[in-house]
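**Student:** What would the 3D arrangement of this be:
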Amino acid sequence: MTAPDPGVSPRPGRTSGASAFLVGAGILLSRLAGLIRQRVFSHYLGISDAADAYTVAFRIPNFLQNLFGEGALSASFIPVYAGLLAQGRRDEARRVAGAVAGLLGLLVGGLVLVGVLATPLLIDLIAPGFSGAKRELSITLVRIFFPGAGLLVLSAWCLGVLNSHRSFLLPYAAPVLWNAAIIGALVWQGNRLEPGPLAIAAAWGAIVGSGLQFLIQLPAVWRLAGRPRPELTMDLPGVRTVLANFLPAFVGRGVVQISAYVDSIIATLLPSGAAAALGSAQMLYTLPVSLFGMSVSAAELPAMAGTVGTGPEVAAHLRKRLDEGLRRIAFFIVPSAAAFVALGGVIASALFQTGKFTAADSDYVWGILAGSAVGLLAGTLGRLYTSACYALRDTRTPLRFALIRVALTVLLGLLFALWVPALVGLEDRWGAAGLTASAGMAGWVEFYLLRRSMNARIGSTGIPMPHLVRLWTAAILAAGAGWGLLAAVRGFHPVPRAVLVLSAYAAVYLAVASVLKVEEVRDVTGRLRRAVRRGS
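**Tutor:** So this is what the prediction gives:
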């Protein structure tokens, strides 16, 4: 066994709850910056044709970042790298990290080149309803975004290294710089340019932000990983394992991302503004998924991947971590789903209703947001089961179930977006709400299949039904209290109204959950008390 190198050992002694808290804190910072970015964007562009074009083109860097950062690279690289660290084979871990960086850089360069050249074809695929000036603007924006997407993929490599060393806050907070650069471009040129040129200026801001997001992580990577040198080699067993797991993980995460793309593609077939409104709603309903689903899943992946022992010992350890993680996720996601249905208009108006974004636009986003509540819990719980599969070096099982999910998303999405609104007497634009609801139905099927498969391998896992009943009871009573207060403050400005209503909602939820003896309340209130003591 290779002797450990000083200065590159993973951080010991951190509990999964503390790690998830750090991931959540980093994600919260970046998501808050993203919400500010979206508010500034909505102020200047509303839900215009330029906003539609930018929203669709913007999915290109998001697609590659999510595909590599949250999926293929995490699934294939982190289990191998974290496993080598857990075994004390740090020289080998450093070489694996360097080889993965070199191969990833080569792959990214090819992707960027092909993407720039093939942009018109990509636009026809992701925005078949765009034509004329709207299509040309989309092509220009995608070509600007692609080089920045390459930098974001390299940032995903940094995230994998840092997460394996139990460093979570920096990689998940780094996108704050990306958002800040876009916000700066919008504010700088917002009153000088027409919508089309302003969208292009914001895209150039994204390029600058991508570089900043990558560069801010490099010093920590060099310090923790011992300055890994990029190289093009597949001689190391760890590199071959990463590559063997990468393709099914890449396809699996690609399928999941395609599922999200299906909604935006169908939205381009709906009336003008549907794509932009769907983009605003997606930013809101992915917030709890990222804060609570991704934070727990990201923190658990290196911990589960580093588990050692006999088969039964590993299974018992995974069951324990899964059950604890599932309960933590549900504690936050259940009230999020209830809030989207009952108070989505309050949330949308507070965040986006300014400038060209009207009260009617807020109601439109609310309807789409309410549709997302259908599958919110399934989608977040499914992430943790997927991480457990990755920890077991199994990237193929999530792929099979993701393919089923995408097939259902396409079929149900077309049905609920293009035909159901007319059948029930709604305007065509409300098909956007049918998109999010149908995607949620497909998400429940995928979750059931993942849970059944994992339970067959390690034993029974999941959230007891009485516990879920307590959570939903607390959320429904909190929603009723929120509606009661909303009637009294309806004439207030959207921001203070949202602060009052959502604060009351959260307080009632915590109070009722405490009375119903939901254990997670103690953990949340305990962290809040400790944070207050540290700040005083």
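
**Student:** how about low-confidence regions in this structure?
**Tutor:** Scanning the chain for pLDDT under 70 picks out 1-21, 24, 61-62, 65-71, 250-261, 305-310, 526-536.

**Student:** Could you chop it up by domain?
**Tutor:** As recorded under automatic domain parsing, the domains making up the chain are 16-463, 464-528.

**Student:** so can I have JSON lines of those domains showing mean neighbour count?
**Tutor:** All C-beta spots, glycine's among them, are computed from the backbone N, C-alpha and C. Compiled in JSON lines, the domains of the chain are given as follows (neighbours: other C-beta atoms under 10 Å):
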{"stretch": "domain 16-463", "mean neighbour count": "21"}
{"stretch": "domain 464-528", "mean neighbour count": "16"}
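
**Student:** And for stretch 385-392, what's in contact with it?
**Tutor:** 74-75, 78-79, 249, 297-298, 300-301, 304-305, 307, 318, 321-322, 395, 397-398, 447, 450-451, 453-454, 457-458 (C-beta atoms under 8 Å, 6 or more residues apart in numbering).

**Student:** Surely Ile357 touches Tyr44?
**Tutor:** Just to correct that, residue 357 is Phe rather than Ile. No - judged on C-beta atoms under 8 Å, Phe357 makes no contact with Tyr44 at a distance of 9.6 Å.

**Student:** Would you map the helices across the stretch 251-400 of the chain?
**Tutor:** In the stretch 251-400 of the chain, the segments counted as helices under DSSP state H, counting those that start in this stretch are 274-288, 295-305, 311-352, 359-372, 376-391, 396-414.

**Student:** Minimum distance to Gly160: which of those has it?
**Tutor:** Nearest of these to Gly160, taken as C-beta to C-beta: helix 295-305 at 9.3 Å.

**Student:** Measure how far that closest one is from the centre of its chain, please.
**Tutor:** A distance of 15 Å separates the C-alpha centroid of helix 295-305 from that of its chain, computed with C-alpha atoms, centre = their mean, to the nearest Å.

**Student:** what's the angle from it to helix 376-391?
**Tutor:** Here helix 295-305 runs at an angle of 20 degrees relative to helix 376-391 (axes from the mean of the first three to the mean of the last three C-alpha atoms, to 10 degrees).

**Student:** could you say what helices and strands helix 295-305 packs with?
**Tutor:** helix 16-45, helix 73-86, helix 132-164, helix 311-352, helix 376-391 (3 or more C-beta pairs under 8 Å, 6 or more residues apart in numbering; DSSP states H and E).

**Student:** Output that helix in CSV, but only the C-alpha positions, please.
**Tutor:** C-alpha atoms of helix 295-305 as CSV (Å, rounded to 0.1, in the frame of the first residue of the first chain):
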residue,chain,number,x,y,z
SER,A,295,-27.3,18.4,-0.8
VAL,A,296,-28.1,15.1,0.9
SER,A,297,-27.2,13.0,-2.2
ALA,A,298,-24.0,14.8,-2.9
ALA,A,299,-22.9,14.5,0.7
GLU,A,300,-23.8,10.8,0.9
LEU,A,301,-22.2,9.7,-2.3
PRO,A,302,-18.5,9.9,-1.2
ALA,A,303,-19.5,8.6,2.3
MET,A,304,-21.3,5.6,0.8
ALA,A,305,-18.6,5.0,-1.8
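
**Student:** How about Met441: what's its closest non-neighbour residue?
**Tutor:** With C-beta to C-beta, 6 or more residues apart in numbering as the criterion, Met441 has its nearest non-adjacent residue at 5.9 Å, and that residue is Leu412.

**Student:** for the one you found, what are its contacts?
**Tutor:** Ser438, Ala439, Met441, Ala442.

**Student:** ok, the residues you listed vs Pro171, which is closest?
**Tutor:** For the contacts of Leu412, the closest approach to Pro171 (C-beta to C-beta) belongs to Ala439, at 27.6 Å.

**Student:** That closest one contacts Thr409, doesn't it?
**Tutor:** Yes - applying C-beta under 8 Å, one finds Ala439 in contact with Thr409, separated by 5.3 Å.

**Student:** need the contact list for Thr55.
**Tutor:** Neighbours of Thr55 in contact, by C-beta under 8 Å, 6+ apart: Ser264, Ala275, Ala276, Leu278, Gly279.

**Student:** if we go to 6 Å?
**Tutor:** Ala275, Ala276, Gly279 (C-beta atoms under 6 Å, 6 or more residues apart in numbering).

**Student:** In JSON lines: these, plus distance to Glu520.
**Tutor:** As requested, those are arranged in JSON lines below (distance: C-beta to C-beta, whole Å):
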{"residue": "Ala275", "distance to Glu520": "37"}
{"residue": "Ala276", "distance to Glu520": "36"}
{"residue": "Gly279", "distance to Glu520": "32"}
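
**Student:** tell me which of these is nearest to Gly211?
**Tutor:** For the contacts of Thr55, the closest approach to Gly211 (C-beta to C-beta) belongs to Gly279, at 23.9 Å.

**Student:** so how far is Ser272 from the nearest residue to the closest one once chain neighbours are set aside?
**Tutor:** Spatial nearest neighbour of Gly279, chain neighbours left out: Thr55 (3.9 Å); criterion: C-beta to C-beta, 6+ apart. Thr55 sits 12 Å away from Ser272, going by C-beta to C-beta, to the nearest Å.

**Student:** Out of the contacts of Thr55, which comes closest to Ser362?
**Tutor:** Using C-beta to C-beta, those come closest to Ser362 at Ala276, 12.9 Å.

**Student:** Would you agree that closest one is in contact with Asp52?
**Tutor:** Yes - here Ala276 reaches Asp52: they are 5.1 Å apart, a contact under C-beta atoms under 6 Å.

**Student:** show me the contacts for the spatially most central residue of the chain.
**Tutor:** Geometric centre of the chain, nearest residue: Ser290, 4.4 Å, by C-alpha atoms, centre = their mean. The contact partners of Ser290, by C-beta under 6 Å, 6+ apart, come to Ile27.

**Student:** Nothing else from me, thank you.
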